[in-house]
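Student: Need the 3D shape of this:
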Amino acid sequence: MSVLGPGDDLALSATRLRMGIGWDADPGAGAAGFRREIDLDATAVQFAGGKLFDLAFFGNLRTRDGSVVHLGDNRTGSGVGDDESITVDLDRVHGPVDTILFLVSSYQGQSLQWIRNAYCTLVDRGADEAAGSEGETELARFTLTLGVPDTGLVMAKLVRSGGWHLQAIGEPVSITKPSEGLERLARFL
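Tutor: Have a look, this model is predicted:
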């Protein structure tokens, strides 16, 4: 199995996915008037025909169709492993929805350069039938630390066109609160 990089495309057989993000505050993030805590947010935005349909993020934990669920807000990046996660059940996505964008944003507006050990990942949550257990297979991973001088990153998008496929993006975007500035996402549709 290969991990996707920016620009790569993968037809999906998976129907259950999870986006996870993890980070730690850079020890120098308190300098020059910045707060030490860095609050990153995972967001999934659904579009139908180029128009916003719904989104799941810390302020709206579930899309109307129930297909996308945000599993809770972490405001500090403390802990081990993923700090925030969003699950997607592609079988439940409302018919007109043709695109789902996954993004990470810095709620307080700090550049992603103020974090360390930061990543976002998209995994197939499919069951390991042979072992009779849940297994996860990583499909795409992006390192957010260093070289991302903006407040957000569009990680990837799911596109429904004769079946679902994943397109890795990995491009910075100037966005802080997921419910604001959505017009900046139009270029990724």
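Student: Give me the distance between the residue lying closest to residue 166 once chain neighbours are set aside and residue 61.
Tutor: Take residue 166 and drop its neighbours on the chain: the residue closest to it by Cβ to Cβ, 6 or more residues apart in numbering is residue 10, 4.7 Å away. C-beta coordinates here come from the backbone N, C-alpha and C atoms, glycine included. Going from residue 10 to residue 61 by Cβ to Cβ, to the nearest Å gives 27 Å.
Student: Compare those two (neighbour count), which wins?
Tutor: residue 10 (17 against 14; other Cβ atoms under 10 Å).
Student: list the contacts for the more buried one?
Tutor: With contact taken as Cβ atoms under 8 Å, 6 or more residues apart in numbering, residue 10 is in contact with 4, 139, 165, 166, 168.
Student: Quick check: which ranges of the protein have low pLDDT?
Tutor: Scanning the chain for pLDDT under 70 picks out 1-5, 25-37, 72-82, 127-134, 144-147.
Student: Measure how far stretch 148-161 is from the centre of its chain, please.
Tutor: Relative to its parent chain, stretch 148-161 has a centroid offset of 7 Å by Cα atoms, centre = their mean, to the nearest Å.
Student: For it, which residues meet the burial criterion?
Tutor: Residues of stretch 148-161 classed as buried: 148, 151, 152, 153, 154, 155, 156, 157, 158, 159, 160 (neighbour count, 16 or more other Cβ atoms under 10 Å).
Student: and the helix or strand where the residue nearest to residue 166 lies, how far from the chain's centre?
Tutor: According to DSSP states H and E, residue 10 maps onto strand 9-11. Offset of strand 9-11 from its chain centre (Cα atoms, centre = their mean): 17 Å.
Student: thinking in terms of the whole chain, how far from its middle is the helix or strand just after that strand?
Tutor: Counting by DSSP H and E, the element after strand 9-11 in chain order, helix or strand, is strand 16-25. Averaging C-alpha positions (Cα atoms, centre = their mean) puts strand 16-25 7 Å from its chain's average.
Student: What strands line up against strand 16-25, and which way round?
Tutor: Sheet pairing of strand 16-25 (DSSP bridges) gives strand 84-89 (antiparallel), strand 115-124 (antiparallel).
Student: residues making contact with the first one?
Tutor: Residues outside strand 84-89 that contact it (Cβ under 8 Å, 6+ apart): 15-21, 40-44, 56, 58, 66-74, 100, 102, 125, 158.
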